[in-house]
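>>> Fold the following, please.
(one chain, ligands or ions: 2)
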Amino acid sequence: MSGTCHTRSPAFSRRHFSVASPGVHLGRRPVRRAHLADWPLVDGTQSKRDLRRRVLAARRGRSERERAAAGAKIRDAVLALPATASASTVAAYYAVGSEPDTRLLVAALFERGHRVLLPVFLDSGELDWAAYTGPESLAPAGRGLVEPAGPRLGVDAVRGAGVLVCPALAVDPAGRRLGRGAGCYDRVLALVGAQALSLAVVYDDELVDAVPVEPHDRPVRAVVTPGRGVVWSTAR
Ligand SMILES: Nc1nc2c(c(=O)[nH]1)N(C=O)[C@@H](CNc1ccc(C(=O)N[C@@H](CCC(=O)O)C(=O)O)cc1)CN2
Ligand SMILES: Nc1ncnc2c1ncn2[C@@H]1O[C@H](COP(=O)(O)OP(=O)(O)OP(=O)(O)O)[C@@H](O)[C@H]1O
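Ligands and ions are numbered 1, 2, ... in the order given. Predicted coordinates for the structure are as follows:
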């Protein structure tokens, strides 16, 4: 977990990724929109900032239909995990904009009886936590976020979660994740340690060969993508 260069894992070579290369046709339909894979393969020398920009640009090209379909797949994959079934508390996030959709997952977890914690972004860069208790427990917050409006449970409340569902812009096979750049989830992952099953949710083509890392970065134990379901970290 130090340095910025990583060799590629043969087990996760590009042919395993359900992405289209430039000029490649999926079935009989030409691939039209700009895609993450239209750029050179991501490697460890690329800066986090460049990678964030590329991922966000690709996300802007995704349709509502793709997002809705992804949300259902993500929900099903996380709900089917034995670790989720046995977790009384699950910490998740409430997706906004073009993020891989976790809204169906949040609702389904709550309906199945789990205690669901969602983050509240603090100016310090830390995350506080509050419970999701149905759609009426949410309110628009700053920075385009939707957050739980109920009682704040404190930064440490996440330590009680058996499963931690993290947002990410990119993840690699060893679980190294790129976030929005505030370090929020590096802090949370450091706080929860190995006691929670940490999952990063990304679109299929955001599971890349290598994510640039810095010493403070904390890996996740698995990745969830709409097309591949749960992919366990090679470093687990
Ligand atoms: N849905 C969701 N909730 C989440 C996160 C997330 O990634 N997704 N977070 C993950 O850490 C935390 C919030 N982290 C954030 C980190 C940085 C910025 C930020 O810099 N916002 C820019 C605007 C960028 C934009 O519009 O995309 C700003 O405020 O200027 C916002 C939230 C907690 N809640
Ligand atoms: N455990 C920590 N305690 C305090 N600050 C931290 C910690 N981890 C990371 N940071 C700070 O957060 C900054 C941003 O980190 P980084 O760019 O890796 O964020 P990220 O992983 O992309 O975002 P996030 O974790 O919010 O999803 C770092 O420069 C660092 O100063």
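
>>> so who does residue 112 touch?
Counting by C-beta atoms under 8 Å, 6 or more residues apart in numbering, residue 112 touches residue 79. Backbone N, C-alpha and C define where each C-beta goes, glycine included.

>>> Please report the residue range of the longest helix in this structure.
helix 64-79 (DSSP state H).

>>> now check that one, is it near ligand 1?
No - shown here: helix 64-79 not in contact with ligand 1 (C-beta under 6 Å from any ligand atom), separated by at least 12.6 Å.

>>> How far off centre is that helix?
Computed by C-alpha atoms, centre = their mean, to the nearest Å, the chain-centroid distance of helix 64-79 equals 13 Å.

>>> on contacts alone, who are the packing partners of that helix?
On a contact count with 3 or more C-beta pairs under 8 Å, 6 or more residues apart in numbering; DSSP states H and E, helix 64-79 meets helix 103-111, strand 222-225, strand 229-232.

>>> most tightly surrounded among the ones you listed?
strand 222-225 (a mean of 24; mean count of other C-beta atoms under 10 Å).

>>> what does this protein put close to ligand 1?
93-96, 99, 119, 121, 127, 143-145, 167, 179-180, 182, 184-185.

>>> and the residue nearest in space to the middle of the chain, bridged to which residues?
Central residue of the chain (C-alpha atoms, centre = their mean): residue 201, 2.7 Å from the mean position. Residue 201 has these beta-bridge partners by DSSP bridges: residue 167, residue 224.

>>> residues contacting it?
74, 100, 102, 165-168, 223-225.

>>> one more time with 10 Å, if that's ok
Residue 201 is in contact with 70-71, 74, 77-78, 92-93, 95, 99-102, 105, 165-168, 171, 220, 223-226, counting by C-beta atoms under 10 Å, 6 or more residues apart in numbering.

>>> Kindly export stretch 198-215 (C-alpha atoms) in PDB.
Provided in PDB are the C-alpha atoms of stretch 198-215 (Å, rounded to 0.1, in the frame of the first residue of the first chain):
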ATOM      1  CA  SER A 198     -16.200  -2.900   3.100                       C
ATOM      2  CA  LEU A 199     -17.600  -2.700  -0.400                       C
ATOM      3  CA  ALA A 200     -17.000   0.000  -3.100                       C
ATOM      4  CA  VAL A 201     -19.700   0.500  -5.700                       C
ATOM      5  CA  VAL A 202     -18.700   1.400  -9.200                       C
ATOM      6  CA  TYR A 203     -19.800   1.000 -12.800                       C
ATOM      7  CA  ASP A 204     -18.300  -2.000 -14.600                       C
ATOM      8  CA  ASP A 205     -15.600   0.000 -16.400                       C
ATOM      9  CA  GLU A 206     -14.600   1.800 -13.300                       C
ATOM     10  CA  LEU A 207     -13.000  -1.400 -12.000                       C
ATOM     11  CA  VAL A 208      -9.700  -0.600 -13.600                       C
ATOM     12  CA  ASP A 209      -6.300  -2.200 -13.600                       C
ATOM     13  CA  ALA A 210      -4.700   0.100 -11.100                       C
ATOM     14  CA  VAL A 211      -5.700   3.100  -9.000                       C
ATOM     15  CA  PRO A 212      -3.000   5.500  -7.900                       C
ATOM     16  CA  VAL A 213      -2.400   5.300  -4.200                       C
ATOM     17  CA  GLU A 214      -0.900   7.400  -1.400                       C
ATOM     18  CA  PRO A 215       0.100   6.100   2.000                       C
END
